[in-house]
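A.B. asks: would you be able to build a 3D model of this:
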Amino acid sequence: MRVGAIAHTGRCTTMLVSPIVGFLASTTVACASACSFEPQDTGRIADVIDIRTLRMADGAEVRLTGIEPAIGWPSTAALTALIPDGDVALHGDSDTPDRYGRQSAFVFVETDGPPLQVRLLRAGAALASGTVPNAGCAAELAAAEAAARRAKAGLWALDDVIKKAVIPGDILAQLGRFVVVEGHVLSVREAGNTTYLNFGRRWTRDFAVSISRRMVTAFAGAGITLKSLERRRIRVRGWVESRGGPRIEARHVGQIEVVGDQ
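C.D. replies: Sure thing, here's the model as predicted:
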């Protein structure tokens, strides 16, 4: 693929939704997308490997930043339908390949429209990962997913996309997979270098979210103390682990969203 800049012209209005506190504001930005980082490459897409992975005409693989597949949802067709005949532009904060040699990027098929990631989320064909550190871009992805959820588009027409924290068995059944869980935080406790958001009283069976001490500052920077999540209803997303009961480790602020009080 060759390096090339894409000129983003015009202005757009983006509804910003904080992953922590919900609605913030609508704002007019100078480009078509808050996820329009530095241009990396341009090239033609040759194949869709899965909902997050593209093979370019020169053989390089590109990983779509900021989204994850939904369990049991056949979403590859939705991505295939969005692939143009011409070149696409890759934008990102780094073009360093991951350990598998894939380049992570936001992929644009137009100079004045959103990236493929936003289009997929709006169609209900994927889930926002909550791992994008840029606040504006994370808000754009969250807003796209929220719009699809309200419209019951795509995967959101299903009843069990969001797992219930009070049913730990359903969460543990998705061990090693990316899931979204919602429920009331019963307690917030520290143990060593880790803070736990507990959704039940039985440590060996109930669902909990773990947050390392190094992430406490990041949450504080987003305007929230972990203790304030006690008795709040939150939505958390991430990969399911088993530590007695099912666990999700929040490595990024965007993985946790406050959706209400008890």
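
A.B. asks: only C-alpha atoms for contact and neighbour calcs from this point on.
C.D. replies: OK.

A.B. asks: distance from the chain centre to the strand or helix carrying Lys163, please.
C.D. replies: Assigned by DSSP states H and E, Lys163 belongs to strand 162-164. Strand 162-164 has its C-alpha centroid displaced from the chain centroid by 16 Å (Cα atoms, centre = their mean, to the nearest Å).

A.B. asks: buried ones in that strand?
C.D. replies: For strand 162-164, burial by neighbour count (16 or more other Cα atoms under 10 Å) applies to 162-164.

A.B. asks: what's the answer for stretch 231-243, then?
C.D. replies: 231-241.

A.B. asks: and what of stretch 53-62?
C.D. replies: For stretch 53-62, the neighbour count (16+ other Cα under 10 Å) marks 53-56, 61-62 as buried.

A.B. asks: can you check stretch 195-210 too?
C.D. replies: For stretch 195-210, by 16+ other Cα under 10 Å, it's 195-200, 205-210.

A.B. asks: pLDDT of stretch 84-94, averaged?
C.D. replies: In this model, stretch 84-94 carries a mean pLDDT of 91.

A.B. asks: what's the span of it from first residue to last?
C.D. replies: End-to-end distance for stretch 84-94, by Cα to Cα, to the nearest Å: 24 Å.

A.B. asks: can you give me the buried ones in it?
C.D. replies: In stretch 84-94, counting by 16+ other Cα under 10 Å, buried: 87-92.

A.B. asks: how about low-confidence regions in the chain?
C.D. replies: For the chain, the stretches with pLDDT under 70 are 1-32, 111, 262.

A.B. asks: what's the longest strand in it?
C.D. replies: strand 232-243 (DSSP state E).

A.B. asks: now for that one, which elements pack on it?
C.D. replies: With contacts taken as 3 or more Cα pairs under 8 Å, 6 or more residues apart in numbering; DSSP states H and E, strand 232-243 sits against helix 168-172, strand 178-184, strand 245-249, strand 256-261.

A.B. asks: adjacent strands (with direction) for it?
C.D. replies: Neighbouring strands of strand 232-243 in its sheet, by DSSP bridges, are strand 178-184 (antiparallel), strand 245-249 (antiparallel), strand 256-261 (antiparallel).

A.B. asks: need those in JSON lines (columns: mean neighbour count and distance to Leu226).
C.D. replies: Shown next, in JSON lines, are the strands paired with strand 232-243 (neighbours: other Cα atoms under 10 Å; distance: least, Cα to Cα, whole Å):
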{"stretch": "strand 178-184", "mean neighbour count": "22", "distance to Leu226": "14"}
{"stretch": "strand 245-249", "mean neighbour count": "22", "distance to Leu226": "14"}
{"stretch": "strand 256-261", "mean neighbour count": "18", "distance to Leu226": "11"}
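
A.B. asks: JSON lines for these, including distance to Gly113?
C.D. replies: Below are those laid out as JSON lines (distance: least, Cα to Cα, whole Å):
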{"stretch": "strand 178-184", "distance to Gly113": "28"}
{"stretch": "strand 245-249", "distance to Gly113": "33"}
{"stretch": "strand 256-261", "distance to Gly113": "27"}
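
A.B. asks: quick one: closest of these to Ala135.
C.D. replies: strand 256-261 (13.4 Å; Cα to Cα).

A.B. asks: in CSV, list the C-alpha atoms belonging to that closest one.
C.D. replies: What follows is strand 256-261, C-alpha atoms only, in CSV (Å, rounded to 0.1, in the frame of the first residue of the first chain):
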residue,chain,number,x,y,z
ILE,A,256,-17.6,1.0,31.5
GLU,A,257,-20.7,3.1,31.0
VAL,A,258,-23.1,4.4,33.7
VAL,A,259,-26.7,3.8,32.6
GLY,A,260,-28.6,4.6,35.8
ASP,A,261,-29.0,4.5,39.6
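
A.B. asks: which residues touch Arg63?
C.D. replies: Residues in contact with Arg63 (Cα atoms under 8 Å, 6 or more residues apart in numbering) are 52-54, 102-105.
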